[in-house]
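**Q** attaching a predicted model along with its sequence, questions to come.
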Amino acid sequence: MPEAKLISYGSTSAGIYVLRNITVPSVLVELGFLTNTSDAYLMQDERWADDAAHAIADGMAEFFGLSQAS
C-alpha cells in the first residue's frame, strides 16, 4: 500500500475532539450543515446518503490506488 500524504487544511488546535485525540489515520468529511435548510433536507434522503458514502469510498480508493466498484 502506498504511503499516505498527510495534508492539513485547517487548524488542529481547535477544540474538536476527533482532530486532537485521534491515534490512527482518519478522514473528517463535512457533507453539509444542519443550519442550512437545503443541506438538512438532503441529509434526510437515504439515496443522497448512499451516494455520498460511495463518493467518499471511491475518493479514498483512488487516493490509495485501489480499485473500487460502487
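**A** In hand now; what should we look at?

**Q** where's Gly59, which helix or strand?
**A** Using DSSP states H and E, Gly59 maps to helix 46-63.

**Q** quick check: buried residues in that helix?
**A** Buried residues in helix 46-63, counted by 16 or more other CB atoms under 10 Å: Ala52. (Each C-beta comes from the backbone N, C-alpha and C, glycine too.)

**Q** how far is that helix from where the chain is centred?
**A** Counting by CA atoms, centre = their mean, to the nearest Å, helix 46-63 is centred 9 Å from the centre of its parent chain.

**Q** now for that helix, which elements pack on it?
**A** With contacts taken as 3 or more CB pairs under 8 Å, 6 or more residues apart in numbering; DSSP states H and E, helix 46-63 sits against no other helix or strand.

**Q** quick one: mean pLDDT for that helix?
**A** In this model, helix 46-63 has a mean pLDDT of 92.

**Q** nearest to the middle of the protein, which residue? Look it up for me.
**A** Nearest to the mean C-alpha position of the chain, by CA atoms, centre = their mean, lies Val29 at 2.7 Å.
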